[in-house]
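Asker: Mind looking at a prediction? Sequence and model below.
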Amino acid sequence: MWHLASNKMSFFNSFKMKASIVVGVLQMALGIMLSLLNHCEFGDRRAIWFVFVPELVFFLSIFGYLVFMIFLKWSIDWVAIAQQPPSLLNTLISMFMAPGVYTEESRLLSPRPRTPTPTRTPTPTPTRRLNPITTPNQESRLLPLTRRAASYP
């Protein structure tokens, strides 16, 4: 399809740039995983919890999300839905410069319609049933303290 397009050169440049980001992120993730092996070899548990885990969390939350957006952008047929694809660079910059503010042009996923949450009716509290084979002494232990004191002569 893209071989017949007039903007073939710009498409392939964009594709190569995004593919290099994916390969670079995979290579850096491999490096972080190898650092875990290094920490385990030297028995440095503090480095695992205070270096490896934060490194992996921050790296994957930013660049893992970028790779997810790249694959998502590749999987959507923008011509069929008659929309312009969003700019991933602007989306990534907006994550830090204006968090939580998204314009329609920068949306990659359309928001799902909110389904109303069902209202829950309160369940009645079960009443305590006495065992039919209880003796008066056992029954008095089950009664509240005020009724127990009033039942004695």
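Answerer: That came in fine, so what should we check first?
Asker: Quick check: which ranges of this structure have low pLDDT?
Answerer: Applying pLDDT under 70 to the chain picks out residues 1-5, 104-106, 110-153.
Asker: what about the longest helix in it?
Answerer: helix 8-41 (DSSP state H).
Asker: Show me what whichever helix or strand comes after that one is packed up against.
Answerer: In the C-terminal direction, the helix or strand that comes right after helix 8-41 (DSSP states H and E) is helix 45-47. Where contact means 3 or more CB pairs under 8 Å, 6 or more residues apart in numbering; DSSP states H and E, helix 45-47 is not packed against any helix or strand. C-beta here means a position set from N, CA and C on the backbone, and glycine is covered the same way.
Asker: buried ones in helix 45-47?
Answerer: By neighbour count on 16 or more other CB atoms under 10 Å, the buried set for helix 45-47 is Ala47.
Asker: what does that helix contact?
Answerer: If you take CB atoms under 8 Å, 6 or more residues apart in numbering as the criterion, helix 45-47 is touched by His39.
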